[in-house]
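Asker: sequence below, structure please.
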Amino acid sequence: MMIELCDSADIGEGEIIRVDVPGCPAIAIARHEGALYVFPDRCPHADESLSEGWLEDGRVVCGVHFAEFELGSGAVHNPPVGCPNLSFFKCEDRDGKVFATLTGGPEHV
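Answerer: Prediction:
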């Protein structure tokens, strides 16, 4: 079941925002080349916020260890030892609102 996270207009091109959903860990939403990406707001390597990082060349960059995660595939580049890929939630922009399926956890693409 998809739930509403925020207004689509809240996320500018090239931005990452954090969204708090009751009963769920923090969620991050990014917009790159018009597409939306929803993922846990937690670096898979450490308990660090990815929404405090930035987007660069189609990747989410963790602001702490500078690991880079491909938007869509989650493939990790420049990882610290033991850093797995990033997972994403299914999402869509529906009538100006961002919806995502948060039940069942994110998926490795």
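Asker: from here on, just use CA atoms for contacts and neighbour counts.
Answerer: Will do.
Asker: for this protein, list the residue farthest from the centre, please.
Answerer: residue 81 (21.2 Å; C-alpha atoms, centre = their mean).
Asker: pick out the residue nearest the middle of the protein.
Answerer: By C-alpha atoms, centre = their mean, the chain has its centre lying nearest to residue 39, at 3.1 Å.
Asker: give me the neighbour count for the closest residue in space to that one that isn't next to it in sequence.
Answerer: Residue nearest to residue 39 in three dimensions, not counting chain neighbours: residue 88, with 4.5 Å by C-alpha to C-alpha, 6 or more residues apart in numbering. Residue 88 has 24 neighbouring residues, counting by other C-alpha atoms under 10 Å.
Asker: could you give the bridge partners of residue 88?
Answerer: residue 107 (DSSP bridges).
Asker: do you know the pLDDT at the residue farthest from the centre of the chain?
Answerer: With respect to pLDDT, residue 81 scores 91.
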